[in-house]
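Student: let's see this in three dimensions:
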Amino acid sequence: MGEFTMPSLGADMDEGTLVEWLTAEGAEVARGDVVAVVETAKSTIEVECFESGTVTELLVEPGATVPVGTPLAVISPTAPVPPPAARGAVPAEEGTATPLVRHQAAEEGVDLKALQGSGRGGRITRSDVSRAAHPGPSRIKASPLARRLADSLGVDLATVRGSGRNGAVKADDVRAAAASGTGTGTGHAAVVTEAAVAAGPRRTATPTPPDSGKASSAGDRAAIARLMSRAKREIPHYYLSTTVDLAAALEWMRRQNSTRPVGERLVPAALLLKAVALAAREVPELNGHWTDGRFVAAAGVRLGTAVSLRGGGLVAPALADADRMPLTDVMAALKDLVSRARHGRLRASETADPTLTVTNLGDQGVESVFGVIYPPQVAMVGLGRVTERPVAVAGMIALHPTVTATLSADHRASDGATGARFLTALDRLLQHPEDL
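Tutor: Next up is the predicted model:
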């Protein structure tokens, strides 16, 4: 029997809020299935389970905030179950229901003693309680958060097409219906805070202006402040920079894009990320973590990609194996990662253990950026905007597109000579874009 616990989704995470269960008691799950949505101080993350089996108990209600490591559910190894005729219908006592089921029964006004459990050994499940509270064949499958959102937004669940397993309605389906006016009496969507909705079905959520991200942004800033203060206090930073001539890279990219469909065209960010990933593989002393007083090199390159969120704040999900991907795949993965980060749909595996982070502020007009290292990583790469500068070419002065690449590195794990090797490798790689 295994416990599914509140995961650590970053070095700065001490606790998380369970927003939504994407599974139910009695459901079969496989390793890698997304089973829950968790909200941290910085983002909303889809969390996968790490073992296969049957969800036998959900221990935490949506809306609860618990420390990292707290058991959220119990997943038991799947075992053959005898047919109903063999095991008989076992009347359930109240004691065979989990605390979460008993809490649901109390809220729904269901007498557990009157129920027969459909779970293993006659255990009463949440589905049993839901069927008793809402009898009839027209019971709509929907997650708890979806029901609460529908309640708050005035959406009729019967009109919503579910995208979940077996057609279950998820919170995103309700949001989409509310945004389009489908199933609402108003024809327009009210925007509600998810924390208020997750807190409980009996509460009324207060409508919030669409651009009101101040509370969330304040929480993000507090989390970032704690982590960056720790980083500057504990990590002896050193800084290097170089100017990279991008004339060859951008000309090669222009030729490539002339033969590609619009949706598959490359942007400079994809070239830069791929070059950083390859340089990290070439100089492994900067690709890893400072753990227990020593540097531990990573087995692969997981490139943290800093993404600014529309409501304020910053996340840095990991782009795994960018050094091994074709450029087209790097471009597609980057677009997908940024989009889901800004819509709060990142997965736990994408927030765990980046080995080197890249921050690119070129689109903000910044020419160079010297970042603060994200512990336990030992380096951060900064990229500025592409700008034309005079360069010497074959004894002549010409205007070429260039970018300033910077490196912030941990002096405990490396020194300036190592950092210089990294920036030199990055420059060399970008002079031969056909090899990226």
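Student: let me see the domain layout of this protein.
Tutor: 2-133, 144-212, 237-435 (automatic domain parsing).
Student: could you dump the ones you listed to a markdown table with distance to residue 227 and mean neighbour count?
Tutor: No exception for glycine: its C-beta is placed from N, CA and C like everyone else's. Converted to a markdown table, the domains of the chain look like this (distance: least, C-beta to C-beta, whole Å; neighbours: other C-beta atoms under 10 Å):
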| stretch | distance to residue 227 | mean neighbour count |
| --- | --- | --- |
| domain 2-133 | 4 | 18 |
| domain 144-212 | 22 | 17 |
| domain 237-435 | 7 | 18 |
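Student: which parts of the chain are helices?
Tutor: Ranges of helices within the chain are 84-87, 99-108, 126-133, 144-153, 171-180, 194-199, 214-234, 247-257, 268-282, 327-342, 348-351, 416-430, based on DSSP state H.
Student: which residues touch the closest residue to residue 315 other than its chain neighbours?
Tutor: What sits nearest to residue 315 in space, not counting adjacent residues and going by C-beta to C-beta, 6 or more residues apart in numbering, is residue 43, at 4.8 Å. The contact partners of residue 43, by C-beta atoms under 8 Å, 6 or more residues apart in numbering, come to 309, 313, 315, 341, 344, 346, 351.
Student: cutoff 7 Å now
Tutor: By C-beta atoms under 7 Å, 6 or more residues apart in numbering, the contact list for residue 43 reads 315, 341, 344, 346.
Student: before we move on, what about residue 366?
Tutor: Per C-beta under 7 Å, 6+ apart, neighbours of residue 366: 384-385.
Student: residue 285 contacts residue 418, correct?
Tutor: Yes. Residue 285 sits in contact with residue 418 when judged by C-beta atoms under 7 Å, with a separation of 5.0 Å.
Student: related to what we said a few turns ago, and the helices of the chain, which one averages the lowest pLDDT?
Tutor: When those are compared on mean pLDDT, helix 194-199 scores lowest, with a mean of 37.
Student: what distance separates the start and the end of stretch 318-327?
Tutor: 16 Å (C-alpha to C-alpha, to the nearest Å).
Student: what does that stretch rub up against?
Tutor: 266, 270, 273-274, 277-278, 280-281, 300-305, 330, 333-334, 337, 350, 354, 436.
Student: please tell me how far the residue nearest to residue 315 sits from residue 178.
Tutor: 22 Å (C-beta to C-beta, to the nearest Å).
Student: cool, residue 239 as well?
Tutor: Taken as C-beta to C-beta, the span from residue 239 to residue 178 is 48 Å.
Student: ok, residue 401 next?
Tutor: 45 Å.
Student: any chance you could map the strands in the stretch 301-436 of the chain?
Tutor: 302-305, 307-308, 314-315, 318-320, 346-347, 356-360, 379-383, 387-393, 396-410 (DSSP state E, counting those that start in this stretch).
Student: partner strands of the last one, parallel or antiparallel?
Tutor: Take DSSP bridges as the rule and strand 396-410 pairs in its sheet with strand 237-245 (antiparallel), strand 379-383 (antiparallel), strand 387-393 (antiparallel).
Student: tilt between the second one and helix 268-282?
Tutor: If I follow you right, that is strand 379-383. Calculated by axes from the mean of the first three to the mean of the last three C-alpha atoms, to 10 degrees, strand 379-383 forms an angle of 150 degrees with helix 268-282.
Student: adjust the sequence numbering to begin at 81 for everything that follows.
Tutor: Right, with 81 as the first residue, what we last looked at is strand 459-463.
Student: ok now strand 459-463, how far from the chain's centre?
Tutor: Put simply, strand 459-463 sits 21 Å off its chain's centre (C-alpha atoms, centre = their mean, to the nearest Å).
Student: export that strand to CSV, keeping only CA atoms.
Tutor: Presented in CSV, the C-alpha positions along strand 459-463 are these (Å, rounded to 0.1, in the frame of the first residue of the first chain):
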residue,chain,number,x,y,z
ALA,A,459,24.0,28.4,-12.5
MET,A,460,21.6,30.7,-14.4
VAL,A,461,21.9,31.9,-18.0
GLY,A,462,20.6,35.3,-18.9
LEU,A,463,19.7,36.4,-22.5
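Student: contacting residues around that strand?
Tutor: Contact with strand 459-463 is made by 352, 356, 366, 436-440, 442, 448-451, 453-454, 483, 485-490, as judged by C-beta under 7 Å, 6+ apart.
Student: excluding chain neighbours, what is closest to residue 119?
Tutor: residue 97 (4.4 Å).
Student: which residues does the one you found contact?
Tutor: Residue 97 makes contact with 118-119, 144-145, according to C-beta under 7 Å, 6+ apart.
Student: list the beta-bridge partners for it.
Tutor: Counting by DSSP bridges, residue 97 is bridged to residue 119, residue 145.
Student: what does the pLDDT read for it?
Tutor: Listed pLDDT for residue 97 reads 89.
Student: please apply the same query to the one 4 residues further on.
Tutor: If you check residue 101, the pLDDT there is 91.
Student: you'd agree it is up against residue 142?
Tutor: Yes. If you go by C-beta under 7 Å, residue 101 and residue 142 touch, sitting 6.3 Å apart.
Student: wait, what's in contact with the residue positioned nearest the centre of the chain?
Tutor: Centroid check for the chain by C-alpha atoms, centre = their mean gives residue 426 as the closest residue, at 2.4 Å. The contact partners of residue 426, taken as C-beta under 7 Å, 6+ apart, are 123, 125-126, 395, 397, 420.
Student: in the sheet, who's paired with it?
Tutor: Residue 426 has these beta-bridge partners by DSSP bridges: residue 125.
Student: that one and residue 119, how far apart?
Tutor: Taking C-beta to C-beta, one finds residue 426 at 11 Å from residue 119.
Student: likewise for residue 412?
Tutor: 27 Å.
Student: same question, residue 510
Tutor: The gap separating residue 510 from residue 119 is 39 Å, by C-beta to C-beta.
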